[in-house]
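> Structure, please.
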Amino acid sequence: MDRDGALILSAPPDAEDATLRDVVSRKRQWVYRQLARLDLLYRPARPKEFVDGEGLSDLGRSYRLRLVPESDCPVKLQSGRFLMPEGAADQGRQHTIQWYSGARPGVAI
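Sure, this is the predicted structure:
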C-alpha cells in the first residue's frame with residue numbers, strides 16, 4: 001500500500017498472472033483493513049461551528065466556547081473558556097484566526 005492508498009504489486013517479470021491474482025486474492029482482507037485505517041487517519045476535520053459549547057484548542061488544551069452578550073474584544077480566553085460576543089459569531093472563524101495569529105488585545109507580539 002502506498003501512502004495515498006494505491007495498491008502496488010511488485011513481482012519478478014517472469015511471475016505468472018495466475019500466481020499474482022492468487023496472492024492478491026489471499027491479501028484482500030489485509031488491503032481492506034489498510035484502506036479503512038488510511039480513511040480514519042486522513043479524514044478531514046469537521047469545520048467549527050461558533051455556537052455555545054464548541055470545542056477550541058489552545059496550546060494543546062481544549063476549551064469550550066461561550067457566547068456572551070457583549071465583550072471588549074471579539075475573542076478571548078478567560079477562566080478556562082473562550083468568550084466571544086454573540087454578534088461576532090457569524091465572523092467567528094476570522095476572529096479566531098486573528099486571535100491564534102497573535103492579534104490579541106493586551107498581548108505583546
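
> Domains in this structure, by residue range?
1-43, 55-100 (automatic domain parsing).

> Pipe the ones you listed into JSON lines and attach distance to Glu49, mean neighbour count and mean pLDDT per row.
To be clear about C-beta, it is placed using only N, CA and C from the backbone, and glycine gets the same treatment. Output for the domains of the chain, formatted as JSON lines (distance: least, Cβ to Cβ, whole Å; neighbours: other Cβ atoms under 10 Å; pLDDT from 0 to 100):
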{"stretch": "domain 1-43", "distance to Glu49": "18", "mean neighbour count": "10", "mean pLDDT": "86"}
{"stretch": "domain 55-100", "distance to Glu49": "8", "mean neighbour count": "14", "mean pLDDT": "92"}
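
> Check the secondary structure at Leu83 for me.
Assigned with DSSP: H, G, I helix; E, B strand; the rest coil, Leu83 falls in the strand class.

> Tell me the bridge partners for it.
On the basis of DSSP bridges, Leu83 is bridged to Arg66, Lys76.

> Verify the contact between it and Arg66 for me.
Yes - counting by Cβ atoms under 8 Å, Arg66 is a contact partner of Leu83 at 5.6 Å.

> Ramachandran angles for Gln94?
phi -60, psi -40 (degrees, to the nearest 10).

> How confident was the prediction at Ile109?
At Ile109, the pLDDT value in this model is 34.
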